[in-house]
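A.B. asks: sequence-free structure coming up:
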């Protein structure tokens, strides 16, 4: 059984076929968030702190941490800012973190200060990236998100995207990295532009699971890009992609309908034993006036997950939606 282990200093989480769906909170990412980017550049981390606490309270299993505030000299500016952000967040919450950057120097800087076993987000099939990122993952013994594009860009052909994922898995093996430490992002296309995007990703996830034996993830909101009422599409997509076998997603846990869909899918998929987390979260549920679903209380919000007790935007990166 494929299991990817990630950990903070105090908490271990398992991403796996037999585990609750892993919700990777997307909010600590300045991509497309000018206010947050300006704050972080100025050394103001108030929004970062707020987003970290709110996402964990809402039920995030992990948090994605990105400090790409500018495309100007990112090799100089991003490593230090990423270190600051990681240290602040891991001092506030005990969930595992994903180190999210397209700058190799920033990823290595983050790995030096991250506690536990973080997830690296990400490597692509480009030779330059494979040669830069895979040795770091091997050196620090950490898992990595593998995004299914290469020098040719993002293919519209799902078979090509599968081939890129297979190439990354095979190249990772050369560095001693096992398939269970690779979480493949098959790349979710916007359904408004590619009418078969949903069917493509469902088929790809099944194939990745059955043939490569890897866990999978995605930038969940990519599916609804360009459409009105995006969160309704996202909430419908979640149980379908979980049913296809996806084991994690970079998403906004502060959207009650989307988190409700995750929790319901865990119940129906058999990964919420005895409906424990569903009951814990919703035992005091009362419909809001007008039929809107209120968020569960922070004390009870949970997706389960793991062991109890314990700059430019790119498709697949999990850039946050407002």
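C.D. replies: Structure's in. What do you need? Owing to the predicted nature of the structure, the values given are computational and were not obtained by experimental measurement. Numbers count the residues shown, from 1 in each chain.

A.B. asks: Can you report how many residues neighbour residue 20?
C.D. replies: 27 (other Cβ atoms under 10 Å). For every residue, glycine as well, the C-beta is placed using N, CA and C.

A.B. asks: for residue 238, helix, strand, or coil?
C.D. replies: Following DSSP: H, G, I helix; E, B strand; the rest coil, residue 238 is assigned to helix.

A.B. asks: now it: how far from residue 101?
C.D. replies: 26 Å (Cβ to Cβ, to the nearest Å).

A.B. asks: could you pull out the helices for the stretch 201-322 of the chain?
C.D. replies: 230-244, 256-269, 276-282 (DSSP state H, counting those that start in this stretch).

A.B. asks: For the shortest one, which residues meet the burial criterion?
C.D. replies: Of the residues in helix 276-282, those scored as buried under the neighbour-count criterion (16 or more other Cβ atoms under 10 Å) are 277, 278, 280, 281, 282.

A.B. asks: Go through those and name the one nearest residue 216.
C.D. replies: Minimum distance to residue 216 across the buried residues of helix 276-282 is 21.6 Å, recorded for residue 277 (Cβ to Cβ).

A.B. asks: Relative to residue 135, how far out is residue 141?
C.D. replies: 12 Å.

A.B. asks: And those two? Which one has more around it.
C.D. replies: Higher neighbour count among residue 141 and residue 135: residue 135, with 14 against 11, using other Cβ under 10 Å.

A.B. asks: Need the nearest residue in space to the more buried one, chain neighbours excluded.
C.D. replies: residue 175 (6.1 Å; Cβ to Cβ, 6 or more residues apart in numbering).

A.B. asks: wait, isn't that neighbour in contact with residue 137?
C.D. replies: Yes - between residue 175 and residue 137 there is a contact at 7.3 Å, judged by Cβ atoms under 8 Å.

A.B. asks: Compare the two (neighbour count), which wins?
C.D. replies: The neighbour comparison of residue 175 against residue 137 (other Cβ under 10 Å) goes to residue 137, with 22 against 15.

A.B. asks: which residues touch the more buried one?
C.D. replies: 120, 123, 143, 144, 172, 175, 177, 181 (Cβ atoms under 8 Å, 6 or more residues apart in numbering).

A.B. asks: Are we agreed that it is in a helix?
C.D. replies: Yes - according to three-state DSSP, residue 137 belongs to a helix.

A.B. asks: how close does it get to residue 168?
C.D. replies: Distance from residue 137 to residue 168, by Cβ to Cβ: 11 Å.

A.B. asks: any common contacting residues for the two?
C.D. replies: Joint contacts of residue 137 and residue 168 (Cβ under 8 Å, 6+ apart) are residue 123.

A.B. asks: what number of residues lie near residue 202?
C.D. replies: Neighbours around residue 202, by other Cβ under 10 Å: 18.

A.B. asks: Give me the below-cutoff pLDDT ranges for the stretch 1-150 of the chain.
C.D. replies: Nowhere does the stretch 1-150 of the chain drop to pLDDT under 70.

A.B. asks: For it, which segments are assigned as strands?
C.D. replies: 3-7, 12-16, 22-25, 62-66, 97-100, 119-123, 144-147 (DSSP state E, counting those that start in this stretch).

A.B. asks: OK, contacts around residue 269?
C.D. replies: So residue 269 contacts 21, 242, 243 (Cβ under 8 Å, 6+ apart).

A.B. asks: if we go to 7 Å?
C.D. replies: If you count contacts by Cβ atoms under 7 Å, 6 or more residues apart in numbering, residue 269 has them with residue 242.

A.B. asks: And residue 123, how close does it get to residue 181?
C.D. replies: 12 Å.

A.B. asks: Identify the contacts common to those two.
C.D. replies: residue 144.

A.B. asks: Next, count neighbours for residue 268.
C.D. replies: Residue 268 has 14 nearby residues by other Cβ under 10 Å.

A.B. asks: if you skip the residues just before and after it, what's nearest to it?
C.D. replies: Nearest one to residue 268, counting by Cβ to Cβ, 6+ apart, is residue 239 at 7.3 Å.
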